[in-house]
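Chemist: Give me coordinates for this.
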Amino acid sequence: MDPLQSRIQHLLERLPKQGLRAARELLAQLNYSYANEPLPLAPFIQREEQWLHGAPRIVAQVGDHGDPFEVIHATLSPEAPQGRGFPLSITAERAIAQRLLQDHPNALFLFSDVEQTHWHLANLRDLSQTGPGGERRLRSALRRIAIGPNERLRTATERIAMLDVGPLAQSSADGVPRAADIRAAHEEAFDVSRVTKAFFDDYLARFDALRGHVSAYLPPAGAHDYAQQYLNRLMFLCFVQRKGWLGGNPQFLSILWREYRRTGQPADTFGSHWLDVLFFEALNNGYVAGRSDRQYLPPTIRTALTMAPYLNGGLFHRNSLDREYADAGGQVPDSLLRNILDLLEAYNFTIAEDTPLDQEVAVDPEMLGHVYESLVNVSDEIDERGEAGIFYTPRVEIDLMCRLAVVRRLTNALGKEHHGRLTEAVFALDPEEQEEADAGLCAHNLWPALNDALEHLTVCDPACGSGSFLVGMLHVLDDLQGRADAQLGRNPRPYERKQRIIERSLYGVDVKAWAVRVAELRLWLYLVVENDAPLEELQTRPLLPSLDFKLRAGDSLVQRVAGVDLAHRTGNSLSPALKGRITSLQKEKNRYFQEAGSGAGRDARRKRIASDTRDLFIAIIQERLSALDQQLRQVQTDLIPRANILGERSVAGNAATLERQRASLQAQRDQAEAALRAVRTDGELPFVWDLDFVEIFSGDAHGFDVVIGNPPYVRQEAIDDPLAPRDVAARALNARKKAYKDDLSDAVEARWPRSFGPGRRMSVGKRSDLYIYFYLVGLDLVREDGAFCFITSNAWLDVDYGSALQEFLLTRGRVHLVIDNQVKRSFASADVNTVIALLGKPVDAAAARAENLDHRARFVMCQAPFEALLHPIPWMEVAAAHEREARPEFRVFPARQRWLLDQGMNPDTQRYAGDKWGGKYLRAPDIYWTIMEKAGDKLVRLGDIAEVRRGITTGANDFFHLEPTGQLAGQGLLHVRN
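Modeler: Predicted structure coming up:
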């Protein structure tokens with residue numbers, strides 16, 4: 001830490017005690033000049049004025065007097081709305097700063113409570129746009145650094161040091177720093193992504209060290225999983241202790257370590273004798289303070305462990321990894337734990353997840369997702385993240401997709417004539433916007449119907465990863481449901497409202513069980529932000545709702561259990577008795593979800609449902625075994641030689657064919673037997689949509705209201721069974737890959753039997769990447785009037801294997817929006833260009849449907865960052881466009897699906913051959929269409945006048961596609977990117 005940072009940290013430590021006096025000293029240290037100018041209250045509306053405790057005041061300034069940079073202090077009243085940022089109000093801060101920014105465009109804002117104990121240094125990043133009529137569309141991102149009695153100060157010290165204007169003055173010709181340069185310095189200082197990257201780099205070093213230690217006791221994959229699990233437990237507790245739920249102290253882990261060192265415990269026992277007691281006993285409501293073998297713990301620690309919250313869920317249960325590591329003699333050394341705790345103590349953790357327009361310069365629960373997505377490595381040699389195609393979706397894209405999908409679903413439910421009003425309501429982010437939008441819904445008496453739609457709305461991410469889309473949807477639905485409650489005169493606790501949404505509305509599936517656990521953690525953390533229950537209640541009642549029936553690990557695409565394809569619509573292969581048991585299970589789950597609270601009766605019902613589900617799987621497999629046995633008996637009978645009229649004995653039929661048939665049936669029977677043994681021994685149940693989410697697929701709606709996500713990007717040559725072991729011989733691996741691709745094709749045909757398959761017009765090409773199958777399976781999971789929204793590679797818009805999906809969407813579905821962004825890539829760290837697709841539920845039909853062909857699709861190329869498009873007006877303008885239009889933020893190309901189908905037709909075969917949706921309708925400049933329109937029929941296809949062939953395939957991918965080094969180029973060298 002340099003001398004300036006040392007002085008800043010000292011002043012930040014004084015700030016909660018000395019208030020504005022210390023703040024002024026801090027600003028002087030940063031070379032801002034003293035000021036003391038009160039600002040008038042006239043610009044503020046009545047509500048904002050009530051949120052202020054006195055007039056805001058300019059307390060410092062610097063730069064050119066004609067264009068100064070100012071520091072404005074505002075004291076928030078206790079009347080300000082509580083919520084995120086408590087005890088300071090983020091809602092009030094945004095409204096006040098946005099109002100002040102109109103007359104003070106170059107400013108840093110200091111917000112404090114009346115006692116000047118809690119402080120926010122706030123930067124307002126202006127994202128406003130100018131509309132076609134010259135009107136301003138106000139939108140801004142509030143970024144803040146929190147200072148208070150329990151805040152960690154390392155990050156705050158480092159970032160605030162970057163606000164020093166001394167170096168800017170020295171580099172200026174006249175010694176006066178310019179406001180634009182100061183703004184740029186503030187932009188960098190408040191950049192949350194820099195803090196996220198710094199934390200992750202530090203985390204990665206600890207992860208590598210811990211994994212290296214554990215690898216002496218577990219195989220590489222187990223060492224990876226154990227290290228990530230261990231670090232996630234500790235990181236999760238950093239968020240929990242922020243609530244004061246561990247010994248009433250936000251720094252409990254630090255105290256635990258200090259007490260361990262103070263009491264002179266045996267070396268390297270902090271993990272096994274202290275943390276394990278916290279993990280597996282205290283947090284599972286299983287700690288007994290009077291145990292004789294726990295007396296080495298100091299009385300204060302024993303008391304804290306006795307009062308620890310009951311964190312039901314999988315993270316703090318001793319699992320097979322824990323047992324294997326301990327049985328092998330493993331014990332995490334104190335040196336590693338000290339380094340890990342140093343990291344966790346250095347950063348400020350905030351329990352509230354940021355939103356695209358509200359960010360704290362700290363580590364929030366989204367970091368759990370970043371860690372998961374970035375560390376899905378099973379060894380040093382194998383990068384599973386690359387093979388699995390997992391890339392972390394930025395929260396801005398997530399928020400935009402969630403809002404677009406909710407608007408589409410609510411429009412379908414309430415009527416397309418209300419699309420504009422619903423867009424205004426869903427995209428209203430500021431209090432003023434929300435009041436205006438809510439009043440518009442009230443004027444048309446839409447709140448009762450909207451509330452009913454929200455309460456019954458179900459959302460699923462079929463490749464949920466670490467739960468980013470589920471958390472994003474929870475944020476959107478919680479906001480809308482809270483406003484609906486207020487309009488209808490209801491006032492449930494925010495915790496209860498969020499719990500109801502989590503338990504009734506959100507579903508997720510991922511092939512990786514670890515991902516599902518991370519998703520659970522993030523939903524739980526989002527929930528407990530609002531839980532202020534006393535410690536006594538948290539100890540006896542589970543803090544976290546059980547998500548066993550909502551978040552499941554398994555294969556979303558292939559639904560085979562012991563050789564039985566259970567993709568829905570194939571339920572006719574089940575006996576009437578099994579169908580009756582499925583109906584009973586549906587009713588039991590519906591009763592479970594309708595019960596409130598988390599009492600013993602509800603917990604008993606949950607366990608009974610889990611047991612009934614297991615019994616149902618057993619019955620399905622047994623029925624399959626009976627059918628196989630019957631077929632085997634028949635084949636074995638056919639293999640018995642019989643005498644003909646001449647007395648000659650021979651097998652009826654081809655003996656070799658019958659023998660192959662017998663061998664195949666026996667292999668299927670062995671597979672079914674193995675599945676039965678696994679299920680009976682309490683193994684992990686296979687995932688089947690119809691059974692695991694029976695309440696969704698057995699009802700009248702038959703599907704989710706919204707299916708949303710970012711499916712894995714896996715090239716066709718790497719597609720493999722995700723649940724199969726990795727260490728197999730090359731020949732067996734190739735055979736398994738081929739078999740799994742066949743299963744994927746069967747899954748598509750089972751869901752769309754009239755559209756795909758033998759004898760049908762469309763088929764999924766064998767060169768299709770994995771996300772194509774996610775489109776086709778995912779679209780079948782949506783209810784008839786639901787909404788589907790994916791962000792994927794944009795390759796399907798322009799390549800051959802995308803033609804079947806294009807034709808299917810044009811002739812059976814509804815393409816609402818296809819969205820690209822030419823100014824900012826969604827996955828900067830991945831060599832993947834993406835597109836967002838908002839679609840409607842297709843209809844399985846043997847031929848094209850006129851109502852689908854008449855639907856107008858809209859292709860939108862965004863010309864501003866997605867943050868600037870989190871506003872209702874651009875999307876209302878997109879929806880109103882009937883021909884090509886351009887705005888400052890976007891270009892839109894509307895086209896009837898019938899016309900798009902014609903554009904992709906091969907004139908020779910009169911079959912759809914695919915079109916360049918990306919090249920023509922998203923990226924093509926206006927001059928392209930001007931030329932096309934003026935040229936008319938004078939243009940000919942290149943293939944009609946020339947032979948077009950593929951170029952030389954070198955196979956030298958490593959030469960043309962460079963591996964990133966993670967380092968900048970040295971002096972005299974160019975930095976090259978792919």
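Chemist: Give the closest residue to Arg504 in space, chain neighbours not counted.
Modeler: Leaving out its chain neighbours, the residue that sits closest to Arg504 by CB to CB, 6 or more residues apart in numbering is Phe593, at 5.7 Å. For the C-beta atoms, the positions are set from N, CA and C on the backbone; glycine is no exception.
Chemist: buried ones in the one helix or strand Leu817 maps to?
Modeler: Taking DSSP states H and E as the definition, Leu817 sits inside strand 814-821. Judged by neighbour count (16 or more other CB atoms under 10 Å), strand 814-821 contains these buried residues: 814-821.
Chemist: Likewise for stretch 443-463?
Modeler: Across stretch 443-463, burial judged by 16+ other CB under 10 Å covers 446-447, 449-451, 453-454, 457-463.
Chemist: Gly601: which of those is nearest?
Modeler: Thr458 (24.5 Å; CB to CB).
Chemist: Next up, the contacts around that closest one.
Modeler: 504-505, 507, 696, 704-706 (CB atoms under 8 Å, 6 or more residues apart in numbering).
Chemist: out of these, which are inside strands?
Modeler: Those of the contacts of Thr458 mapping onto strands are 507, 704-706, per DSSP state E.
Chemist: Adding pLDDT, neighbour count and distance to Gln295, write those residues out as JSON lines.
Modeler: Converted to JSON lines, the ones in strands among the contacts of Thr458 look like this (pLDDT from 0 to 100; neighbours: other CB atoms under 10 Å; distance: CB to CB, whole Å):
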{"residue": "Tyr507", "pLDDT": "97", "neighbour count": "24", "distance to Gln295": "46"}
{"residue": "Phe704", "pLDDT": "96", "neighbour count": "26", "distance to Gln295": "53"}
{"residue": "Asp705", "pLDDT": "98", "neighbour count": "26", "distance to Gln295": "55"}
{"residue": "Val706", "pLDDT": "98", "neighbour count": "27", "distance to Gln295": "54"}
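Chemist: Would you convert the residues you listed into CSV that also reports distance to Ala97?
Modeler: Putting those into CSV (distance: CB to CB, whole Å) gives the following:
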residue, distance to Ala97
Tyr507, 38
Phe704, 39
Asp705, 36
Val706, 33
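Chemist: Just the mean pLDDT for stretch 800-820, thanks.
Modeler: On average, the pLDDT along stretch 800-820 is 96.
Chemist: roughly how far apart are the spatially most central residue of the chain and Asn710?
Modeler: Nearest to the mean C-alpha position of the chain, by CA atoms, centre = their mean, lies Ser468 at 1.5 Å. Distance from Ser468 to Asn710, counting by CB to CB, to the nearest Å: 8 Å.
Chemist: Now do the helices in the stretch 151-300 of the chain.
Modeler: Assignment of helices within the stretch 151-300 of the chain using DSSP state H, counting those that start in this stretch yields the ranges 154-161, 166-171, 179-189, 192-214, 220-242, 252-262, 276-280, 299-306.
Chemist: In a markdown table, list these along with mean neighbour count and distance to Ala663.
Modeler: Below are the helices of the stretch 151-300 of the chain laid out as a markdown table (neighbours: other CB atoms under 10 Å; distance: least, CB to CB, whole Å):
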| stretch | mean neighbour count | distance to Ala663 |
| --- | --- | --- |
| helix 154-161 | 20 | 64 |
| helix 166-171 | 14 | 78 |
| helix 179-189 | 17 | 68 |
| helix 192-214 | 17 | 43 |
| helix 220-242 | 21 | 33 |
| helix 252-262 | 17 | 59 |
| helix 276-280 | 19 | 48 |
| helix 299-306 | 17 | 59 |
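Chemist: between these, which gets nearest to Ala28?
Modeler: helix 166-171 (11.2 Å).
Chemist: elements contacting that closest one?
Modeler: Helix 166-171 sits against helix 179-189, with contacts defined as 3 or more CB pairs under 8 Å, 6 or more residues apart in numbering; DSSP states H and E.
Chemist: Need the pLDDT of Phe86.
Modeler: In this model, Phe86 carries a pLDDT of 67.
Chemist: what does the model give the residue nearest to the centre of the chain for pLDDT?
Modeler: 91.
Chemist: List the contacts of it.
Modeler: Ser468 neighbours (CB under 8 Å, 6+ apart): 366, 369, 392-393, 395, 398, 522, 710.
Chemist: what's the domain layout of the chain?
Modeler: 3-190, 195-388, 395-511+554-559+693-938, 560-643+650-686 (automatic domain parsing).
Chemist: can you tell me how far the residue nearest to the centre of the chain sits from Asp926?
Modeler: With CB to CB as the criterion, Ser468 and Asp926 are 36 Å apart.
Chemist: Repeat that for Ala739.
Modeler: Here the criterion is CB to CB. By it, Ala739 lies 49 Å from Asp926.
Chemist: okay, these two: which has more neighbours?
Modeler: Ala739 (13 against 10; other CB atoms under 10 Å).
Chemist: Have a look at the chain and report its longest strand.
Modeler: The chain, longest strand under DSSP E: strand 782-793.
Chemist: what's it packed up against?
Modeler: Packed next to strand 782-793, using 3+ CB pairs under 8 Å, 6+ apart, are helix 395-414, strand 704-709, helix 770-780, strand 834-840.
Chemist: What is the subsequent helix or strand relative to the last one?
Modeler: It stands for strand 834-840. Immediately after strand 834-840, counting by DSSP H and E, sits helix 850-853.
Chemist: go on, the first one?
Modeler: Proceeding N to C from helix 395-414, the next assigned helix or strand is helix 419-426, under DSSP H and E.
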